[in-house]
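Engineer: I need the structure of the sequence given here:
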Amino acid sequence: MGGVNQYRGGRAPRKAFTLIEQLVVISIVVLLLAILLPALHRARAQARAVACQSNLRQAGIYFALYTEQNDYRFFPDLPIGLGYPAWYEPMKAYFIDGPEVLLCPSANRYRRSSEVHPDWGGGSRSAWEYSGVLASYGTNHWIGSVTEEHRPGQAADQSWETPLIRKAATVPVLLECMFGGGSPTRHDGPPIEDDWHAACGRGCNTSHFCLNRHSETINSLFMDWSVRKVGLKELWTLKWHKRYDTAGSWTKAGGVEREDWPRWMRKFKDY
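Structural biologist: Numbers count the residues shown, from 1 in each chain. As a prediction, this is how the structure comes out:
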């Protein structure tokens with residue numbers, strides 16, 4: 001009958017989505033996820049890097065307090081091969097109520113791996129562990145006094161011993177590290193691969209700090225107690241000890257070419 005609604009309740013039946021329409025919606029959702037997930041990943045990585053810098057600033061307060069309470073002198077270095085991180089024993093009282101300060105959020109768990117030190121080392125995404133100490137950072141061993149007995153062939157007049165120096169902002173104190181620290185020298189080369197202890201040059205101490213943890217950078221506390229990002233290739237330009245050549249063979253000033261670096265580092269920013 002014309003004019004009389006043939007459907008119960010006076011409403012037309014609800015139209016269902018077609019297969020094509022469903023596929024279009026799914027495609028749009030997938031596209032949005034593809035756009036948003038990398039941005040979310042970058043935001044989370046940036047947040048972890050900022051938290052890492054905050055940890056180092058807090059550690060800087062502790063190191064400053066220690067030196068102020070000890071005639072403005074750092075603790076002495078320990079002999080090669082002793083293993084235990086030399087800085088933790090004199091500093092542990094400062095960290096005992098907040099051990100999380102020792103952990104970067106990007107490397108806050110110990111992961112035993114054949115690619116790093118077989119006993120207690122860490123890596124780009126893992127902390128190091130030794131005798132119950134879990135940490136993501138290590139010291140520049142040259143900040144403390146060094147003796148010929150402790151480190152044969154490394155002159156004692158290379159070490160800093162005190163933070164009261166000129167250009168303190170160029171001297172690293174505590175950095176992200178795969179071990180408890182290192183004593184970089186001009187002979188050190190870069191690691192063959194990321195998370196690798198052995199280096200391309202004659203020495204490997206600089207490779208302890210050469211970790212691709214924050215997009216080609218690590219974070220570092222300097223002797224003026226400032227904290228900033230350090231490019232991985234920039235490590236060879238820092239003033240590790242009094243005699244360290246900041247224009248050595250692994251710097252632009254020293255003539256290094258991009259092809260000289262291990263393949264995994266070649267595209268990184270040059271310094």
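Engineer: which residues does the residue nearest to Lys269 when sequence neighbours are not counted bridge with?
Structural biologist: The shortest distance from Lys269 to any non-neighbouring residue, by C-beta to C-beta, 6 or more residues apart in numbering, is to Gly231 (5.1 Å). C-beta coordinates here come from the backbone N, C-alpha and C atoms, glycine included. Listed by DSSP bridges, the beta-bridge partners for Gly231 are Thr217.
Engineer: run a quick neighbour tally on Gly231.
Structural biologist: When counting by other C-beta atoms under 10 Å, one arrives at 16 neighbours for Gly231.
Engineer: next up, the contacts around it.
Structural biologist: 216-217, 268-269, 271 (C-beta atoms under 8 Å, 6 or more residues apart in numbering).
Engineer: could you do Thr18 as well?
Structural biologist: So Thr18 contacts nothing (C-beta under 8 Å, 6+ apart).
Engineer: quick check: it vs Val25, distance?
Structural biologist: Distance, Thr18 to Val25, by C-beta to C-beta, to the nearest Å: 11 Å.
Engineer: need the helices for the stretch 1-150 of the chain, in chain order.
Structural biologist: 19-69, 88-95 (DSSP state H, counting those that start in this stretch).
Engineer: what's the shortest one in contact with?
Structural biologist: The set of residues external to helix 88-95 that reach it, using C-beta under 8 Å, 6+ apart, is 59, 62-63, 65-66, 75, 101-102, 133, 135, 180.
Engineer: in PyMOL, how would I select the buried members of these?
Structural biologist: Selection of buried members from the contacts of helix 88-95 for PyMOL, criterion 16 or more other C-beta atoms under 10 Å:
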select buried, resi 59+62+63+66+75+101+102+133+135+180
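Engineer: could you dump the contacts of helix 88-95 into TSV and include pLDDT and distance to Ile192?
Structural biologist: Below are the contacts of helix 88-95 laid out as TSV (pLDDT from 0 to 100; distance: C-beta to C-beta, whole Å):
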residue	pLDDT	distance to Ile192
Ala59	97	30
Tyr62	97	34
Phe63	97	32
Leu65	97	39
Tyr66	96	36
Phe75	87	32
Val101	96	32
Leu102	96	28
Val133	87	28
Ala135	94	24
Gly180	90	22
